[in-house]
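Engineer: Next come a sequence and a model predicted from it.
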Amino acid sequence: MNADRRHAAFARSEAEELLAASADWDLSPSRRLHYKDILMQQIDHDLSPSGETSPTPSRRRLPRPALVLPAVSLALAGAVVVTFSGGGHGSAPAAGSTGSVPARADSATVTLGRIADAAMKTDSTPVKENQFLYVQRLVRENKGTLGGPVVLGAAHKDEVWLAQKPGRVTTVGWLRSSGKDAPMPGELGPMTTASPVGPGLWYPTYAWLASLPTDPDALLKVLYAQTTVDKGDSKDEAVFMTIGDLLGSAIMPPATASALYKSVARIPGITWIPDAADAAGRHGIGITLRAAGSATRSVLIFNKETLAYTGSQDYFTNGGAKADARGTTGDVLFGINAVMARGVVDRHGEVPAKTAG
């Protein structure tokens, strides 16, 4: 089997695995979106006149602007029904803009210590059980086809209303997307799960975040125990991405935020990048993890003055192999986002008058 066919066979086998398990769906939202992406690309491939693929990475995991994302319902016949998926406007750095910048481990520890100290000094308004956390982001996602080069779409806007109810729920929030690459612009749709989930990594309510240990070592132990690892990634990278998801999708007590940053500093392979830009074109300090054997790499971006989290970048780490038909080598940017606003509202669909960046 040649390389082209192997990529197509890999994507189809993963899709078939998930279809077989769809009756007992209990995957993390990021993993659901990963499989949805594989399925959609396989459908595109099967419907193409030539049925051809190119020998480039077939794994197209979507960026993770929020921990909780729209759920995917899979019919055993092979149809894919997506409640919604991401979508505004804005500028972003060119692909690979931080991929070749030297990173330093010693500076990462110092910087994360400063960020943790700054987090302790911030104000945090608790989100009540009957309220919603509102988060607005700019997002650019990979729109390339199966086996083809990475192609970043236009920046579009996601607005998420994350529920805070205690107990197990099937509707974890609501999502509205807008912009050129939004699949259903302007529509407000529910974010649902196939089976009920309780507060946790898959449904990070303010109350759950407040219940986490504030000792960095104890917190890191919890995160390692509860984080799901995507195929091709290391456990360290999965935990690092999980922390990034929490930072970009929640309002949390200052002590919890500070402990998260201190936990990041304890993950092996953490490094510092002096300049990185989010999807809004805002330049800041980057923190990344270079984990051997991981198929992807994320960069968390912080304001150079306030040290507030502003967004992230996601890369394929191909180890220097060809990344696209033009022969690009090195890490390849496949997703980027920027947190533009956060706030608390009483009903989904409302936009808070006062928001925190």
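Structural biologist: Received, thanks.

Engineer: Any stretches of the chain with poor pLDDT?
Structural biologist: For the chain, the stretches with pLDDT under 70 are 1-105, 318-329, 354-357.

Engineer: quick one: what helix or strand has residue 173 in it?
Structural biologist: Assigned by DSSP states H and E, residue 173 falls within strand 169-178.

Engineer: One more: residue 221?
Structural biologist: Under the assignment here (DSSP H and E), residue 221 is part of helix 216-226.

Engineer: That helix packs against which elements?
Structural biologist: helix 235-249, helix 254-264 (3 or more CB pairs under 8 Å, 6 or more residues apart in numbering; DSSP states H and E). In short, each C-beta sits where N, CA and C put it, glycine included.

Engineer: please redo it, this time with the cut-off set to 6 Å
Structural biologist: helix 254-264 (3 or more CB pairs under 6 Å, 6 or more residues apart in numbering; DSSP states H and E).

Engineer: Which elements pack onto the helix it packs on?
Structural biologist: For helix 254-264, the packing partners by 3+ CB pairs under 6 Å, 6+ apart come out as helix 105-120, helix 216-226.

Engineer: Out of the ones you listed, indicate the one that is most buried.
Structural biologist: helix 105-120 (a mean of 17; mean count of other CB atoms under 10 Å).

Engineer: Can I get that helix in PDB? Just the C-alpha atoms.
Structural biologist: Extracted C-alpha coordinates of helix 105-120, given in PDB (Å, rounded to 0.1, in the frame of the first residue of the first chain):
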ATOM      1  CA  ALA A 105      13.400  26.300  29.300                       C
ATOM      2  CA  ASP A 106      14.900  28.500  32.100                       C
ATOM      3  CA  SER A 107      12.900  31.600  31.000                       C
ATOM      4  CA  ALA A 108       9.700  29.500  30.900                       C
ATOM      5  CA  THR A 109       9.900  28.700  34.600                       C
ATOM      6  CA  VAL A 110      10.600  32.400  35.500                       C
ATOM      7  CA  THR A 111       7.900  33.700  33.200                       C
ATOM      8  CA  LEU A 112       5.300  31.200  34.500                       C
ATOM      9  CA  GLY A 113       6.200  32.200  38.100                       C
ATOM     10  CA  ARG A 114       5.500  35.900  37.200                       C
ATOM     11  CA  ILE A 115       2.200  34.900  35.400                       C
ATOM     12  CA  ALA A 116       1.100  32.900  38.500                       C
ATOM     13  CA  ASP A 117       1.800  35.900  40.800                       C
ATOM     14  CA  ALA A 118      -0.100  38.200  38.500                       C
ATOM     15  CA  ALA A 119      -3.100  35.800  38.400                       C
ATOM     16  CA  MET A 120      -3.300  36.000  42.200                       C
END
